[in-house]
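A.B. asks: quick one, structure for this:
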Amino acid sequence: MARDVSDSTPVGSKDELISWIAAGEKPASAFRLGTEHEKFPFYRDDLSPVPYEGRPGSDGRKAAGGIRHLLEGMQARLGWEPIVDAGHVIGLGGPAGGGAISLEPGGQFELSGAPVETVHETAAELAQHLADVKAVAEPHGIGFVALGHSPLWTRAQTPVMPKGRYKIMANYMPKVGTRGLDMMFRTCTVQVNLDFGTEADMVRKLRVSLALQPLATALFAASPFTEGQLNGFQSMRSEIWRDTDKARSGMIAFAFDEGMSYEAYVDWALDVPMYFVKRGDIYHDVAGASFRDLLAGKLAQLPGERATISDWANHLSTLFPEVRLKRFLEMRGADAGPPEMLNALPAFWVGLLYDQTSLDAAWDLVKGWTDEERQALRDAVPKAGLGATIAGRKLRDLAREVLVLSRAGLARRARRNEAGADETIFLDPLYAIVAGDRTLAQQLAARYRAEWGTEIAPLFRDCAF
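C.D. replies: From the prediction side, this is the model:
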């Protein structure tokens, strides 16, 4: 999750909220992609999680730096500006909006990539980030593993980051679902943020990506472990989202209603309860309150306060549908994974959504599905993966067809690297999966049973960055 927005411009009407989203429209020539990915840090010597302030030497363990030291090391290496919350460095901001490093509640280390033109640039950005973070982490004995769900630690063992908004969220989550704290503290994702040109373009992209988000979940499933054992799911991360907070997550069926628009999304967002209002450096806990009341200056917890652009942008960032609309669209269905999968995710969606022919063909594939069919697929995928079905079709068969569309879209974009290869090279891991190979979750489960002797420790040796 990137830094909170700071813009104190007052907002006095719903039309202004709609206009703020609509201002994200761009001509196709200006379309960019921004990739965000998270990973779990751990101490290599005993596989324990990394707390914010590090650990003292005890019980034969060496003293070691923590998350704060990683951020300070990255700041020194990159020259990025620190993001501070109540005196704690909780992130770094790149120059001129060029990306950010931030922390998820359990110490998950996130890169919010800069907006770039090609998947080649995203891949280069990832490679540089992993080289930088490795150089900073190694002196502290810290490694990283990227999966959709924490593979070893209990929630009680998971550290808590000193970030004001997370304390408010952690207090509220158990009131609205049984898995919200697991989502916060024990999951990692990769997502890509993509642009739209007009309201109609936004609606078409939103509908296609919502309908196909469970397919992405299945292709990128990588969370078969919980607390050192197999959990019975291919994407435990996705399963957790099914009971986190139904008011702000899910497949948002209204997006397929006739007349879907910016206004329809704003109406939904206004009715999702707020978490906080930030004034200066203080997060005011207003969990459960209505943004409509803040808009009208009638918020009981903050009498007289009126909504600002910051409040609206921050509120939108606390909505968690499978695809999220802000001034761009966020694809939110995939588990984190190894570098080749982190690069495959933006390639998959860029090929489908940034080429009009592929976008229209993808819509033709999904437009006949009902709300009930889309939801049933969403519910089945965390366990069944590509074995799930929709409208009488196996998801693996649909995946083959969708990958052809994505590949064709990337080929028509013809964005080439220095070696002359276009962006289709990044789809190779997905083609291997749909050709009959197992998903990463299935591969890891097989290694756990056979090669690793039902021990989780080898995961941190074989799959760490």
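
A.B. asks: check the chain for its longest strand and report it.
C.D. replies: Scanning the chain for the longest strand, with DSSP state E as the assignment, gives strand 33-43.

A.B. asks: now that one: mean pLDDT?
C.D. replies: On average, the pLDDT along strand 33-43 is 98.

A.B. asks: pull out the buried positions in the helix ranked longest in the chain.
C.D. replies: When the chain is parsed with DSSP state H, its longest helix is helix 199-219. Going by neighbour count (16 or more other Cβ atoms under 10 Å), the buried part of helix 199-219 is 199, 201-219. For every residue, glycine as well, the C-beta is placed using N, CA and C.

A.B. asks: kindly report the same for stretch 71-86.
C.D. replies: 71, 73-75, 78, 80, 83, 85.

A.B. asks: how long is it end to end?
C.D. replies: One end of stretch 71-86 to the other measures 16 Å (Cα to Cα, to the nearest Å).

A.B. asks: who touches that stretch?
C.D. replies: 3, 89-95, 100-103, 132-133, 135-137, 162-164, 281 (Cβ atoms under 8 Å, 6 or more residues apart in numbering).

A.B. asks: mark which of those are buried, thanks.
C.D. replies: 3, 89-94, 100-103, 132-133, 136-137, 162-164.

A.B. asks: turn the buried residues of stretch 71-86 into TSV, including secondary structure, distance to residue 274 and pLDDT.
C.D. replies: Shown next, in TSV, are those (DSSP: H, G, I helix; E, B strand; the rest coil; distance: Cβ to Cβ, whole Å; pLDDT from 0 to 100):
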residue	secondary structure	distance to residue 274	pLDDT
71	helix	28	98
73	helix	35	98
74	helix	32	98
75	helix	32	97
78	helix	34	96
80	coil	30	97
83	strand	22	95
85	strand	19	94
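
A.B. asks: which one of the residues you listed is nearest to residue 259?
C.D. replies: residue 83 (39.5 Å; Cβ to Cβ).

A.B. asks: coming back round to it: now the buried residues of stretch 71-86 as CSV including distance to residue 395?
C.D. replies: Listed next are these as CSV, based on distance: Cβ to Cβ, whole Å:
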residue, distance to residue 395
71, 40
73, 42
74, 39
75, 43
78, 41
80, 41
83, 40
85, 41
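
A.B. asks: just the closest of the residues you listed to residue 23, please.
C.D. replies: Taking the buried residues of stretch 71-86 together and measuring to residue 23 by Cβ to Cβ, the closest member is residue 83, at 24.1 Å.

A.B. asks: helix or strand for the closest residue to that closest one other than its chain neighbours, which one?
C.D. replies: Distance criterion Cβ to Cβ, 6 or more residues apart in numbering; nearest residue to residue 83, sequence neighbours excluded, is residue 91 at 3.7 Å. Per DSSP states H and E: residue 91 is located in strand 88-93.

A.B. asks: with residue 404 instead?
C.D. replies: Counting by DSSP H and E, residue 404 is found in helix 395-413.

A.B. asks: check the offset of that helix from the chain's centre.
C.D. replies: 22 Å (Cα atoms, centre = their mean, to the nearest Å).

A.B. asks: same thing with stretch 330-342?
C.D. replies: The answer for stretch 330-342 is 8 Å, by Cα atoms, centre = their mean.

A.B. asks: in that stretch, what's buried?
C.D. replies: Under 16+ other Cβ under 10 Å, the buried positions of stretch 330-342 are 330-338, 341-342.

A.B. asks: JSON lines for those residues, including secondary structure, pLDDT and distance to residue 119?
C.D. replies: Formatted as JSON lines, these follow (DSSP: H, G, I helix; E, B strand; the rest coil; pLDDT from 0 to 100; distance: Cβ to Cβ, whole Å):
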{"residue": "330", "secondary structure": "strand", "pLDDT": "98", "distance to residue 119": "17"}
{"residue": "331", "secondary structure": "strand", "pLDDT": "98", "distance to residue 119": "14"}
{"residue": "332", "secondary structure": "strand", "pLDDT": "98", "distance to residue 119": "18"}
{"residue": "333", "secondary structure": "strand", "pLDDT": "98", "distance to residue 119": "18"}
{"residue": "334", "secondary structure": "strand", "pLDDT": "98", "distance to residue 119": "15"}
{"residue": "335", "secondary structure": "strand", "pLDDT": "98", "distance to residue 119": "19"}
{"residue": "336", "secondary structure": "coil", "pLDDT": "98", "distance to residue 119": "17"}
{"residue": "337", "secondary structure": "coil", "pLDDT": "98", "distance to residue 119": "16"}
{"residue": "338", "secondary structure": "coil", "pLDDT": "98", "distance to residue 119": "16"}
{"residue": "341", "secondary structure": "helix", "pLDDT": "98", "distance to residue 119": "13"}
{"residue": "342", "secondary structure": "helix", "pLDDT": "98", "distance to residue 119": "11"}
